[in-house]
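got a sequence here, can you model it:
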Amino acid sequence: MAKPKIKLFAGTSHPALAKQISKLLKIPLSPMHIQRFACNEIYTKPSESVRDADVFIIQTGTQNVNEDLMELFIMLDSFKRSFASTVHVVMPHFPYARQDRVASPREPITAKLIADLLSKAGADHLITFTLHSDQEQGFFDFPVDNLTARKLFAEYFNKKKFKKAPVIVAPDVGSAKEADRLAKMLGADLAILNKIRPKHNVAEVTHVVGDVKGRDCILYDDMVDTGGSVVGGANVLRKSGANSDIYLAATHAVLSRDAAEKLKSADFKEIVFTDTIPIPKEKQLKNMKIISVAPLLSRVVDHVHTGKALSHLHA
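Here you go, the predicted model:
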């Protein structure tokens, strides 16, 4: 049987990333009609046939997270009702991922709910980056490719001329395993911050586990939301004797509220993010470097469509 034709579509959440992936794949973005009615209800319709096609939808979670999700659900429904063969969701930042367990009585597990809604709407496969916990892959009723930006960060920092190997700092115990993997790629030591959360969007960093005295540090996190955790972490590292050159690396730049101002005041040597979420110009700082995930995603899309293994791209 002939391989289904690949078709690439994009929602409205991250047009720049979608264009980059399209350019690298040398596959044009197929036209998609998306509009809001006067009552703000969303309407979507592929402007060309997708019958028996291998469809990839690029849609990430931004500050307009609920709009992004609803738009995606309706796009998925339109593809399934148009007889698409397979529908792959390329969602670099999977929203609601932090709500992955019942931490106190009567809480929802919203990450599982979103996974169920994607399945119900018609998704057959998810490609994403750095889920809040690896176990979340079990929330889905279809295959998930949970990619990591670790190699991208390793390649970037390996080009730096550190006088002595830096210390990779995990922002909490739960992040230690991932931070240790990056440390091994850089030939660096590992330190861990002790962090508590008295309430949502509030973090208190109490002390450092590990030796950072006189060392350059790379604070490595999965995301920066309000910025409180990483700014508090940088302060504790300095109090513990770390060099003034403290770097911040994180996959998802959520940057809610006044996060950019907090990061600016923290005086990081450099802040390194990926573009899984578009970063508005007003939140881009002079010491901020944005690494594109488009080259990696384009390779993943190609491998998925052609049936090639992804194991070496997951590492």
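
where along the stretch 101-250 of the chain do the helices fall?
Chain-ordered helices for the stretch 101-250 of the chain, with DSSP state H, counting those that start in this stretch as the definition, fall at 110-121, 150-158, 176-186, 228-239.

report the contact partners of Phe273.
Contacts for Phe273 (CB atoms under 8 Å, 6 or more residues apart in numbering) come out as 224, 249-253, 279, 288-291. C-beta: built from backbone N, CA, C; applies to glycine.

assign it to helix, strand or coil.
Recorded secondary structure, Phe273: strand (DSSP: H, G, I helix; E, B strand; the rest coil).

which non-adjacent residue is nearest it?
Distances taken as CB to CB, 6 or more residues apart in numbering put Ala253 closest to Phe273, at 4.1 Å, once the chain neighbours are dropped.

out of the helices of the stretch 101-250 of the chain, which one sits most buried?
For those, ranked by mean neighbour count under the definition mean count of other CB atoms under 10 Å, the leader is helix 228-239 at a mean of 20.

alpha carbons of that one, as PDB, please.
Below are the C-alpha coordinates for helix 228-239, written out as PDB (Å, rounded to 0.1, in the frame of the first residue of the first chain):
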ATOM      1  CA  GLY A 228      10.100  33.100  41.700                       C
ATOM      2  CA  SER A 229      11.800  29.700  41.900                       C
ATOM      3  CA  VAL A 230      14.800  30.500  39.700                       C
ATOM      4  CA  VAL A 231      15.400  34.000  41.100                       C
ATOM      5  CA  GLY A 232      15.200  32.600  44.700                       C
ATOM      6  CA  GLY A 233      17.600  29.800  43.600                       C
ATOM      7  CA  ALA A 234      20.100  32.300  42.200                       C
ATOM      8  CA  ASN A 235      20.100  34.200  45.400                       C
ATOM      9  CA  VAL A 236      20.700  31.100  47.500                       C
ATOM     10  CA  LEU A 237      23.500  30.000  45.200                       C
ATOM     11  CA  ARG A 238      25.200  33.400  45.700                       C
ATOM     12  CA  LYS A 239      24.800  33.200  49.400                       C
END
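
I'd say Lys112 and Asp141 touch.
No: counting by CB atoms under 8 Å, Asp141 is not a contact partner of Lys112; they are 10.7 Å apart.

what helix or strand does Val55 sit in?
With elements delineated by DSSP states H and E, Val55 resides in strand 54-58, which encompasses its position.

mind giving me the packing neighbours of that strand?
The criterion is 3 or more CB pairs under 8 Å, 6 or more residues apart in numbering; DSSP states H and E, and the helices and strands that strand 54-58 contacts are strand 6-10, helix 15-25, helix 65-80, strand 86-90, helix 294-306.

can I get the ones you listed in TSV with distance to Gly233 and mean pLDDT?
Output for these, formatted as TSV (distance: least, CB to CB, whole Å; pLDDT from 0 to 100):
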stretch	distance to Gly233	mean pLDDT
strand 6-10	35	98
helix 15-25	28	98
helix 65-80	25	98
strand 86-90	31	98
helix 294-306	27	97
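
could you list the low-pLDDT ranges of the chain?
Applying pLDDT under 70 to the predicted model, the residue ranges of the chain that meet it are 1-2, 195-206, 315.

what's the domain layout of it?
With automatic domain parsing serving as the domain definition, the record reports that the chain contains domains spanning 6-148+294-314, 150-291.

can you give me how far the last one is from the chain middle?
Its chain's average C-alpha position is 15 Å from that of domain 150-291, according to CA atoms, centre = their mean, to the nearest Å.

how many other residues sit next to the residue nearest to Ala176 when sequence neighbours are not counted?
Using CB to CB, 6+ apart and skipping residues adjacent in sequence, the residue nearest Ala176 is Ala170, 4.4 Å away. Per other CB atoms under 10 Å, the neighbour tally for Ala170 reads 25.

with the one 4 residues further on instead?
For Gly174, the neighbour count with other CB under 10 Å is 13.

hmm, back to that, pull the contacting residues for the residue nearest to Phe273.
Residues in contact with Ala253 (CB under 8 Å, 6+ apart) are 223-224, 273-274, 276-277, 279, 283, 290.

could I get the helices of the stretch 101-250 of the chain as CSV with distance to Lys5?
Written out in CSV, the entries for the helices of the stretch 101-250 of the chain read as follows (distance: least, CB to CB, whole Å):
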stretch, distance to Lys5
helix 110-121, 22
helix 150-158, 30
helix 176-186, 37
helix 228-239, 44
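
out of those, which is closest to Asp134?
Closest approach to Asp134 among the helices of the stretch 101-250 of the chain (CB to CB): helix 176-186, 9.1 Å.

for His252, name its beta-bridge partners.
Met223 (DSSP bridges).

re earlier: out of the helices and strands packed on strand 54-58, which gets nearest to Leu117?
Comparing those by their distance to Leu117 (CB to CB), the top pick is helix 65-80, with 6.2 Å.

only the buried residues of the closest one, if you could.
In terms of neighbour count (16 or more other CB atoms under 10 Å), helix 65-80 has its buried residues at 65, 67-76, 78-80.
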